[in-house]
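pasting the sequence and the predicted coordinates here, then a few questions.
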Amino acid sequence: MCTSTAETLKGRNKVNKVENKVGVSFEGLTYSVKVKNTGKKNVDDEKSPSTLTILNDLNGSFEPEKLTMIMGPSGSGKSTLLDTLAGRKNSGILEGKIFFNGNPPTQDDYRFTVGYVEQFDTLVGELTVEQMLLYTAELKLSVKTTSEERVARVAEMIKMLNLESCRNTVIGSPLSRGISGGQAKRVNIGLALITRPPVLFLDEPTSGLDSRTANEVIELLHRLAKNQGTTIVATIHSPTGYAFSQFDGLYMIHSGETIYEGPVDKAQTYFEHHGFARDPDASLPEWFSDLYKSSEMSQLAAQSRKSITEILKEGPIVNQKKLRQPPSEFRKLFTLLKFRMVAHYKDVEFVATRFAEKFLYAVVLLTLYFGLGEKTDTESIAAVTSLLFLNVALAGFGASAFVPALNIERKLFYRELDDGCYKPITYYCSKFIEEAFIAIFSSLLFSLLVFYGVKLTGHFGIFFLIQYLTTLIGVILAYAVSAAVPSIDVACSILPLYVTICLFFGGYFIPFSKIPVGWVWYSWTSFMRYAFGAFMIDNYRDTTVGEMPIFVDAIDGTPKTVLEFYGLENGPIMNSLGACIAFLTGLLIFFATMGILALVYIRHEKR
Ligand SMILES: Nc1ncnc2c1ncn2[C@@H]1O[C@H](COP(=O)(O)OP(=O)(O)OP(=O)(O)O)[C@@H](O)[C@H]1O
């Protein structure tokens, strides 16, 4: 950023190659988005009336060992610049060049070289500060690090970030208080630093902090840059005088254009020289960026950029991926379960809601239908049949309870995905295993109470298996909808709609023989059809017309068994319990695949 620094870097580089240091530079960086209609003045009317240019032809460089701030009025494009340099933009049109040590960065370079601290904290509320850091260390540190080394790294981080006093405090959530805002910010910084990335970007690291805590955070960043050689860039609003003095460089933008790039200590003179105070919120005339472009500051910055790029090219970017050797996805799955599943299982609310629903429903059924299962009169059989169908319906409607599981963690999921913590499928599997494991016990409790209380005549093992599979389908269905749609509201209106429609095709409300031809295809996709069919076949398959003549055809007077009446006998597939279970399993796999594809390909967060 200034020639003297480039000289220093050059001198140092000769003795000790800039191995783990990465300088970031950019040229002609322009970022624009398509907008429907905007009254903003920087809409490029000539190019296209619907293109909003947010960053306009920016040049700049950020060096190792330096702490640089990006300043500018609200909406000037600071976060956009940071996102762009960190490779985190997933929409819009990006033009221009970005270099890491003089080379265009690859996806791996972005992922393994850059630490990014987002403006809003994204932490796992159930974990303590130490667990959160350990969890991230296990996901991100090389497989070659031992558990002792990871613990030592976390301890070092806790000390460096001054988090000793809250080491064992739960992070908490907006509804259940845990650590303070300043501590949460420092934990977030710790997560980005755990791998000691050569480049660290921070989006407003001091927002929401009191001036003393803000000073501490900036002081910490200053030390990091100096002691570890990290290239640190932070967007910042209204820093205190002390915080300002901790920075080396200032990059100022206004309406997406550079108005200053250079040392912090020269900024005041520069602005005063041109008749303006340093205040970034002061409104500057549009020609100010032109003034900057023709200024000596701009020439110096360009020279510095060129020489830094050339010097750093001598020490090409170390393959951070190789250096880090991230753990396998299987290991990451284990880490997710070890920390997050265990934390959920320790949460009384999480466990209680899953058991309470099943238990209460089982108690109602038990007391209402007690002993009816072994009775052979028509009314009892009709009652038990409705119980078996409602049991299936409950799994469908109960699925809504699993919608928030993915939805409320979405910000955290996107942050961890961007940080390279895991792949979407790994996250999905961890969520599924978390529910599937607990569902074994809740389904078992339910099955024991209902099967033996109602005195059903099938086999307990099969009843439990169908009950468990149906519960899992509810979970998987909720995940698929939740991952595909943007909000809980939308998911909670789509899911019951789908389930209600499925009800009509389950074989209880309307016999399969009466379903209009045009709708028959749909009945084959209804999980309720197979679950209800399986329950019924298991319960009534050993009965004969002679033993249990419950329904008599009004026209020809032919007696029918229960299974015949519900179209569950003499069909090509539906008279087979095995086929019903196979179809249920197939639907489970189908919905799971949909959910995983939605997680991979649909990004609800636009950046
Ligand atoms: N994807 C997008 N679509 C439309 N407008 C966008 C998009 N991304 C950014 N913008 C707009 O670009 C401008 C710059 O946004 P940005 O968040 O970078 O500003 P900022 O300087 O960081 O603001 P603040 O200091 O308030 O956080 C804003 O007006 C924002 O609404």
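Ah, there it is. Numbers count the residues shown, from 1 in each chain.

any idea which element the residue most central in space within the chain lies in?
Nearest residue to the geometric centre of the chain (C-alpha atoms, centre = their mean): residue 413, 1.5 Å. Assessed by DSSP states H and E, residue 413 sits inside helix 410-418.

between the helix or strand just after that helix and helix 410-418, what angle do the directions make?
With elements assigned by DSSP H and E, the helix or strand that comes after helix 410-418 is helix 424-454. Angle, helix 424-454 to helix 410-418, by axes from the mean of the first three to the mean of the last three C-alpha atoms, to 10 degrees: 130 degrees.

show me what the helix holding residue 413 packs onto, helices and strands only.
Counting contacts by 3 or more C-beta pairs under 8 Å, 6 or more residues apart in numbering; DSSP states H and E, helix 410-418 packs against helix 424-454. Every C-beta, even on glycine, is put in place using the N, C-alpha and C of the backbone.

circling back to that earlier point, any idea how far the nearest residue to the residue nearest to the centre of the chain once chain neighbours are set aside lies from the ligand?
Spatial nearest neighbour of residue 413, excluding adjacent residues (C-beta to C-beta, 6 or more residues apart in numbering): residue 427 at 6.1 Å. In this structure, residue 427 and the ligand are 25 Å apart, going by C-beta to the nearest ligand atom, to the nearest Å.

you'd agree residue 427 is up against residue 596?
No. Using C-beta atoms under 8 Å, residue 427 is not in contact with residue 596, being 9.5 Å away.

neighbour count for the two, which is higher?
Comparing residue 427 with residue 596 by neighbour count (other C-beta atoms under 10 Å), the higher total belongs to residue 427, at 24 against 20.

from residue 479, how far out is the more buried one?
Distance, residue 427 to residue 479, by C-beta to C-beta, to the nearest Å: 11 Å.

for residue 424, same thing?
12 Å.

neighbour-wise, which of those two wins?
Neighbour count, other C-beta under 10 Å: between residue 424 and residue 479, residue 479 has more, with 28 against 17.

report the buried residues of whichever helix or strand the more buried one is part of.
Using DSSP H and E, residue 479 falls within helix 460-484. The neighbour-count check on helix 460-484 (16 or more other C-beta atoms under 10 Å) flags 462-484 as buried.

just the angle for that helix relative to helix 424-454, thanks.
Using the same axes, to 10 degrees: helix 460-484 against helix 424-454 is 140 degrees.

list the contacts of the helix or strand following helix 460-484.
The C-terminal neighbour of helix 460-484 among helices and strands, as given by DSSP H and E, is helix 488-504. The contact list for helix 488-504 (C-beta atoms under 8 Å, 6 or more residues apart in numbering) reads 393, 396-397, 399-400, 403-404, 407-408, 477-478, 481-482, 485, 509-510, 522, 526-528.

off-centre distance for helix 488-504?
24 Å (C-alpha atoms, centre = their mean, to the nearest Å).

in the helix or strand that that helix is followed by, what counts as buried?
Next along the chain after helix 488-504, taking DSSP H and E as the criterion, comes helix 520-523. Neighbour-count burial for helix 520-523, counted by 16+ other C-beta under 10 Å, picks out residue 523.

tell me the average confidence for helix 520-523?
For helix 520-523, the mean per-residue pLDDT is 84.

repeat for stretch 28-41
On average, stretch 28-41 scores 76.

what does stretch 589-600 give?
The model assigns stretch 589-600 a mean pLDDT of 96.

what's the pLDDT at residue 206?
pLDDT, residue 206: 85.

who's in contact with it?
So residue 206 contacts 185, 213-214, 217-218, 236-237, 239, 243 (C-beta under 8 Å, 6+ apart).

repeat that with 10 Å
Residues in contact with residue 206 (C-beta atoms under 10 Å, 6 or more residues apart in numbering) are 182, 185, 213-218, 221, 234-240, 243.

in this structure residue 441 contacts residue 435, no?
No. Counting by C-beta atoms under 10 Å, residue 435 is not a contact partner of residue 441; they are 11.6 Å apart.

what separation is there between the closest residue to residue 359 other than its chain neighbours and the ligand?
Among residues not flanking residue 359 along the chain, residue 445 sits closest, at 6.4 Å (C-beta to C-beta, 6+ apart). According to C-beta to the nearest ligand atom, residue 445 and the ligand sit 49 Å apart.

with residue 539 instead?
For residue 539 relative to the ligand (C-beta to the nearest ligand atom), the value is 56 Å.

correct me, but that residue touches residue 391?
No. Checked against C-beta under 10 Å, the pair residue 539 and residue 391 is beyond contact range at 11.2 Å.

got a list of what the closest residue to residue 209 other than its chain neighbours touches?
Nearest residue to residue 209 in three dimensions, chain neighbours excluded: residue 182, at 5.0 Å (C-beta to C-beta, 6+ apart). Counting by C-beta under 10 Å, 6+ apart, residue 182 touches 162, 206, 208-210, 212-214, 216-217.

just name the lowest-scoring one in the residues you listed, pLDDT-wise.
residue 208 (73).

residues near the closest residue to that one other than its chain neighbours, how many?
With sequence-adjacent residues excluded and distances taken as C-beta to C-beta, 6+ apart, residue 208 is closest to residue 181, at 5.2 Å. Residue 181 has 13 neighbouring residues, counting by other C-beta under 10 Å.

relative to residue 168, how far out is residue 181?
Residue 181 is 19 Å from residue 168, by C-beta to C-beta.

returning to what we had before: which residues are common contacts for residue 424 and residue 479?
595-596, 598-599.

how about a markdown table for those, with distance to the ligand added?
Putting the shared contacts of residue 424 and residue 479 into a markdown table (distance: C-beta to the nearest ligand atom, whole Å) gives the following:
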| residue | distance to the ligand |
| --- | --- |
| 595 | 26 |
| 596 | 26 |
| 598 | 21 |
| 599 | 21 |
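
out of those residues, which sit inside helices?
595-596, 598-599 (DSSP state H).

and the closest residue in space to residue 170 that isn't next to it in sequence, how many neighbours?
Nearest residue to residue 170 in three dimensions, chain neighbours excluded: residue 178, at 4.6 Å (C-beta to C-beta, 6+ apart). Neighbours of residue 178 under the rule other C-beta under 10 Å: 18.

residue 178 contacts residue 121, doesn't it?
No. Counting by C-beta under 10 Å, residue 178 does not reach residue 121; the two are 11.0 Å apart.

and whichever residue of the stretch 301-450 of the chain sits closest to the ligand, what does it touch?
Using C-beta to the nearest ligand atom, residue 414 is the residue of the stretch 301-450 of the chain that sits closest to the ligand, at 14.8 Å. Counting by C-beta under 10 Å, 6+ apart, residue 414 touches 88, 90, 118, 122, 603-605, 607.

just the buried ones out of those, please.
Buried, going by 16+ other C-beta under 10 Å: 88, 118, 122, out of these.

tabulate those (a markdown table), appending pLDDT, distance to the ligand and secondary structure.
Below are the buried ones among the contacts of residue 414 laid out as a markdown table (pLDDT from 0 to 100; distance: C-beta to the nearest ligand atom, whole Å; DSSP: H, G, I helix; E, B strand; the rest coil):
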| residue | pLDDT | distance to the ligand | secondary structure |
| --- | --- | --- | --- |
| 88 | 89 | 12 | coil |
| 118 | 89 | 12 | coil |
| 122 | 88 | 17 | coil |
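
Throw those into a markdown table and include distance to residue 271, thanks.
A markdown table is the format used below for those (distance: C-beta to C-beta, whole Å):
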| residue | distance to residue 271 |
| --- | --- |
| 88 | 31 |
| 118 | 30 |
| 122 | 36 |
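
ok, so of these, who is nearest residue 136?
Nearest to residue 136, judged by C-beta to C-beta, of these is residue 122 at 11.1 Å.
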